[in-house]
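Colleague: Sequence and predicted structure below; questions after.
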Amino acid sequence: MKRTKFVIGNWKMNGLKSSMNIYEGVNKHMLSNKKSSDLNVVICPPFTLINLFSSKKTSKIMIGAQDTHEKESGAYTGSISSQMLSDLGAGYVIIGHSERRQYFGENVKLLADKIIAAQKADLKVIFCIGELKNEIKNRKSVLRKQLKSLPKKLNYKNIIIAYEPVWAIGTGLIPSFDEINSIHLSIRDILKYDLKFSKNVSILYGGSVNPKNASNILSLENVDGALVGGASLNSKDFSNIIDYYT
Ligand code: PGA
C-alpha cells in the first residue's frame, strides 16, 4: 500500500474573515488542476475560521484545527472540545506542536490525553515531534522519547507524524536534504520496531518549507508531505508547494 501524501497549512494565530481570499485562491488553483492526484490538502486556520472554511461547497481542501481540549465537555471555560471541532466540519487536528509545548507548557501526559480525545471524535491527529537546537546531537533519542509518549491505544490509521525541528520553525533554516531523509527513516524505524506501527503511516516534514525548497524536500523518498506555517498564508506560495504533487 502506498503512503498517503499531505500538504498541510498551519495558520497559527493569523487570519480574519477577510482571509477567505487565501483559502479561495488555493481552492481555485486546485480545482483548475485537471490532473488527478491522491494528495490530501488540509488548512488549519484558527478556531474562529473553521466554520467559515468548512461551509464552503465544492472545496478540495480539508479543514483542521491547531489544538483541542483533552476533555469531552464540561466546566472548562474558554476551551474547545474535539467533538465541537468535528461538529464544525474539521477532520484533522494538530497536537504537540512545539509552540504549544513551549508557550503553553503542554506535557506528554496532556498530549496523550488530547490524542485520545481527538480520536474519539473521529479527528485525524497530526502529531508533531522535533528536537531543539541544543538537542541536535541527541536527536534520535529525543524523537524516540516523543514518539514513545503516544498513547498505547491508538488508531494508527488516523495518525500522521510531522517531524519539525524546533530550530527550523520560522527561521529559514533547515537540516540538509540528506539529513531530513535519514531522520525520517529513523522515525519510521522507531514507529515500526519500537511502537509496532503500521509501516504506512505518513511522516511529514515541517519547518521553513517554502516554494523554493519544497520540491527538494518533497521528492525525498522518506518524506510524505509537508506541514507549512508562514508560506501557507500566501495562496500563491502554498499553491506552488502543492503543485509538487499535482
Ligand atoms: P514555518 O512553520 O513553516 O513558518 O517554519 C511550520 C510550523 O510551525 O508548523
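Modeller: It's in. None of the values given here were measured: they were computed from a predicted structure.

Colleague: do you know how far the residue in the chain that the ligand sits nearest to is from P211?
Modeller: Using Cβ to the nearest ligand atom, the closest approach of the chain to the ligand is made by G229 at 2.2 Å. Yep, even glycine has a C-beta here, placed from its N, CA and C like the rest. Distance of G229 to P211, computed by Cβ to Cβ, to the nearest Å: 14 Å.

Colleague: more crowded one of the two?
Modeller: G229 (21 against 17; other Cβ atoms under 10 Å).

Colleague: need the contact list for the more buried one.
Modeller: By Cβ atoms under 8 Å, 6 or more residues apart in numbering, G229 lies in contact with 9-10, 12, 169-170, 206.

Colleague: Who wins on neighbours among those residues?
Modeller: G9 (29 neighbours).

Colleague: related to what we said a few turns ago, out of the contacts of G229, which are close to the ligand?
Modeller: 10, 169-170, 206 (Cβ under 6 Å from any ligand atom).

Colleague: For the lowest-mean-pLDDT helix or strand in the chain, C-alpha coordinates in PDB please.
Modeller: When the helices and strands of the chain are compared on mean pLDDT, DSSP states H and E, helix 20-32 comes out lowest with a mean of 94. Output of helix 20-32 as PDB, limited to C-alpha atoms (Å, rounded to 0.1, in the frame of the first residue of the first chain):
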ATOM      1  CA  MET A  20     -11.200  33.700   3.000                       C
ATOM      2  CA  ASN A  21      -9.400  35.000  -0.100                       C
ATOM      3  CA  ILE A  22      -6.300  33.000   0.700                       C
ATOM      4  CA  TYR A  23      -8.400  29.900   1.100                       C
ATOM      5  CA  GLU A  24     -10.300  30.700  -2.100                       C
ATOM      6  CA  GLY A  25      -7.100  31.200  -4.000                       C
ATOM      7  CA  VAL A  26      -5.700  27.800  -3.100                       C
ATOM      8  CA  ASN A  27      -9.100  26.100  -3.800                       C
ATOM      9  CA  LYS A  28      -9.400  27.700  -7.200                       C
ATOM     10  CA  HIS A  29      -5.900  26.600  -8.000                       C
ATOM     11  CA  MET A  30      -6.700  23.000  -7.000                       C
ATOM     12  CA  LEU A  31     -10.000  23.000  -8.900                       C
ATOM     13  CA  SER A  32      -8.300  24.200 -12.100                       C
END
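
Colleague: List the buried residues of it.
Modeller: The neighbour-count check on helix 20-32 (16 or more other Cβ atoms under 10 Å) flags 20, 22-23, 26-27, 29-30 as buried.

Colleague: Stretch 214-232 too?
Modeller: By neighbour count with 16+ other Cβ under 10 Å, stretch 214-232 contains the buried residues 214, 217-218, 220, 222-232.

Colleague: Next: stretch 183-191.
Modeller: 183-184, 187-188, 190-191.

Colleague: now it, how far from the centre of its chain.
Modeller: The chain centre lies 17 Å from the centre of stretch 183-191; the measure is Cα atoms, centre = their mean, to the nearest Å.

Colleague: residues in contact with it?
Modeller: By Cβ under 8 Å, 6+ apart, stretch 183-191 touches 129, 139-140, 143-144, 147, 161, 163, 175, 197, 199, 201, 203, 205, 220, 222-223.
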